[in-house]
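Novice: please work out how this folds:
(2 chains)
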Amino acid sequence: MATVETRALTKHFDRGNNAVDGIDLAVHESEFMVLLGPSGSGKTTLLRLIAGLEQPTSGDILLNDTVVTGLPPRARNMAMVFQSYALYPHLNVFRNIAFPLHAQGMRGPAIQKKVDWAAKMFGISALLQRKPRQLSGGERQRVALARAVVREPVVFLLDEPLSNLDAKLRISAREELQQFQRRLATTTIYVTHDQIEALALGDRIVILDHGTIHQIGTPQDVYERPADTFVATFIGAPPMNLMKRDGQTIVGFRPEHFLPLEAHRDTADLHRLPFHVQRVENLGSDRLAYGELATPVQTGKVIARIPNTIETVLTSDTTHEFAIKRRNLHTFDAANGLRVHA
Amino acid sequence: MSAIDTRVTTPLARSHRAHLADNDGALGSWLLAPAVVYIVLLVAFPFLLSMYYSVSDATVGNTAVRFVGLQNFERIMQSNTFWRSMANTFVFTLMSQLLVVVLAKTLAMALYKDFRGKWIVRLLILLPWVAPISLGTIGWLWIFDPVYSIINWTLRASSLLPANTWPIWLGQPNLAMVSIVLVDVWRLLPLATVIILAGLSSIPQDIHDAAEMDGAGFWRHLFQINIPLVMPIMLIALLFGIVFTFTDMIIVYVLTRGGPFDTTQVLASLAFFTGVPGGDLAEGAAISLFLFPLLVAVVILLLTIARRTEIT
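Specialist: Residues are numbered from 1 along each chain as shown, chains lettered A, B, ... in the order given. Coordinates of the predicted model:
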């Protein structure tokens, strides 16, 4: 088991800006850390730097408080699962899983035992003689995980391992992934652009954009107390509503907190806002109401998410009385977008 | 109404004119026709003609052709020169293709990496393939010249060769074979390199990264990942190389004319020397027909292996 730390880690590619720009990050022992960001945020580059597949322009990587910056991947004993799974197409499942053991110099029965153990853990014991091309997407993903687990690495690096699975399989694979990580208690760094995955899996989430960290925190932290307007609008679907107030600050609120007045049981501490509804989408469990606040100030578009357990009739092109609890309002500095701590 | 009518008829008229281009079957036949004509006139016809000549007594300048059965083949089988040429063809092909595959794989791996000035190195490596074979080989004729050989001159200048040694590259039996192999490698290396390079580029980077993460060192990576994955394409390169080398006579013709003492005579050059300058068209044709079953066997063998190692 291990801790991973990066210090002022920077990677500059020939063209453009720094892909990773001065990242300070400490991953605790046995932690499930998720790197979340839009494409081009530098999350995959950061993972590849930690793996040793890329060399940083400056800064250091520490594994168990020892600097490993210049070391090649095989000296770091980390295992990686790729988005494409990167199974060796010419080797059968057994030899795919055994490959890292062979590379370690392990021989014969010891390999057999290890491969059987890993295959059993992921329920692929029946597939050992198949070639990767004969496997389904879900099976390939399990083989990739088994290959990563088999030599008991100190750190797992996972690069969007679920994004090639169909939606239904993704949910069950997510659950299995979390269970096996808890059982092995191996420090895990997981890259994704999918906020649902990040919120569901991460002990903590690192939110990255343009190579810098916007926030590190538990799923609850980043959702309930976003550090800046980027995090506020990146996490949550639909995103947080943001409105400029008196030029100095930006006020934000989540669509699910913006409800018809009669839906609020506790009427104390409410901030009332007349909401001019333009369009309503029914999503089954919820309705999304798109519109504008009917205030003298120009506010731009606002979205409300109303659970269908609230039976208020919403008609288009009508102004309804809506309200938000004051404690659900977020305030950000208009100049730099940072959260203003109340 | 009439305005609508014209609008309907105009596109119809146009589609009549575009008839050929719209009919995929007819268009396909037309586009294939030149290739079919080319193959019939320049491959099939000479091939059938040589089969006919090989069982006749055809000679240059004689229009009367008589059927003689397998006489020509009997004569060939009793000829030492023929068997020596057969052996030479195999030695020549195997030696040059072994070198080509190893060197092409090495070069392809070097060129696969990114470095400054890569495009000019790629261009330079392709040059021997672009140059006409005969011109390139004449250049080598001068390089191997007994008196002015730049090779001998360089070896002596760098003291690798004693002062009074004059190796005659094209005149000593073993050296002559080494020379023609060298020129054949020089000529076929670019094609093989480009083919293997294409094979290397088709391996996803993730596979290389995975091997690196899994702890594979250079040799393990090379022999267990890299080579097996490009094997089908390497076999295609080898197939081309074998066919080109087996049937080539230009290098031998320009450099040694089969000499000294037939030590570099190959089947293709022997067939030519017997049939054209020697005037015995029938025997020349019979010799050249020996290339056919050998090449068919090689093609079948290599394509079978290539299909078996197919990975996708």
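Novice: buried residues in stretch A:318-331?
Specialist: Across stretch A:318-331, burial judged by 16 or more other CB atoms under 10 Å in any protein chain shown covers A:320, A:322-325, A:330. Bear in mind the C-beta positions are built from the backbone N, C-alpha and C, glycine included.
Novice: touching that stretch from outside, list them.
Specialist: Defining contact as CB atoms under 8 Å, 6 or more residues apart in numbering or on different chains, one finds that stretch A:318-331 is touched by A:225-226, A:232, A:240, A:249-254, A:257-261, A:264, A:266, A:269-277, A:294, A:304, A:312, A:314, A:339-340, A:342.
Novice: let me see the contact set for residue 294.
Specialist: Went with chain A since none was named. Residue A:294 touches A:274-276, A:319, counting by CB under 8 Å, 6+ apart.
Novice: oops, wrong one, chain B.
Specialist: By CB under 8 Å, 6+ apart, the residues touching residue B:294 are residue B:246.
Novice: residues near residue B:232, how many?
Specialist: Residue B:232 has 19 neighbouring residues, counting by other CB atoms under 10 Å in any protein chain shown.
Novice: meant to ask about residue B:137
Specialist: 21.
Novice: quick check: chain neighbours aside, which residue is closest to it?
Specialist: Once flanking residues are discounted, residue B:137 sits nearest to residue B:254: 4.2 Å by CB to CB, 6 or more residues apart in numbering or on different chains.
Novice: buried members of the contacts of residue A:294 into PyMOL, please.
Specialist: Remark: buried members of these, expressed as a PyMOL selection using 16+ other CB under 10 Å:
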select buried, chain A and resi 275+276
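Novice: ok so, going back, so the residue nearest to residue B:137 sits right up against residue B:134, yeah?
Specialist: Yes: the criterion here is CB atoms under 8 Å, and residue B:254 meets it with residue B:134 at 6.2 Å.
Novice: neighbour count: these two, which is higher?
Specialist: A direct count of neighbours by other CB under 10 Å for residue B:254 and residue B:134 places residue B:254 higher, at 19 against 12.
Novice: wasn't the more buried one part of a helix?
Specialist: Yes: assessed with DSSP: H, G, I helix; E, B strand; the rest coil, residue B:254 lies in a helix.
Novice: what about the residue nearest to residue A:151 when sequence neighbours are not counted, how many residues nearby?
Specialist: Counting by CB to CB, 6+ apart, residue A:100 is the residue found nearest to residue A:151 once chain neighbours are left out, at 4.7 Å. Neighbours of residue A:100 under the rule other CB under 10 Å: 25.
Novice: go on, residue B:269?
Specialist: Residues lying near residue B:269 (other CB under 10 Å) number 24.
Novice: go on, residue B:65?
Specialist: 14.
Novice: next one, pLDDT for residue 234 please.
Specialist: Unless you meant another one, I'm taking chain A. pLDDT for residue A:234: 93.
Novice: look at chain B instead
Specialist: On the pLDDT scale, residue B:234 is placed at 89.
Novice: now swap in residue B:72 and tell me
Specialist: pLDDT, read off for residue B:72, is 85.
Novice: doesn't it belong to a helix?
Specialist: Yes: under three-state DSSP, residue B:72 sits within a helix.
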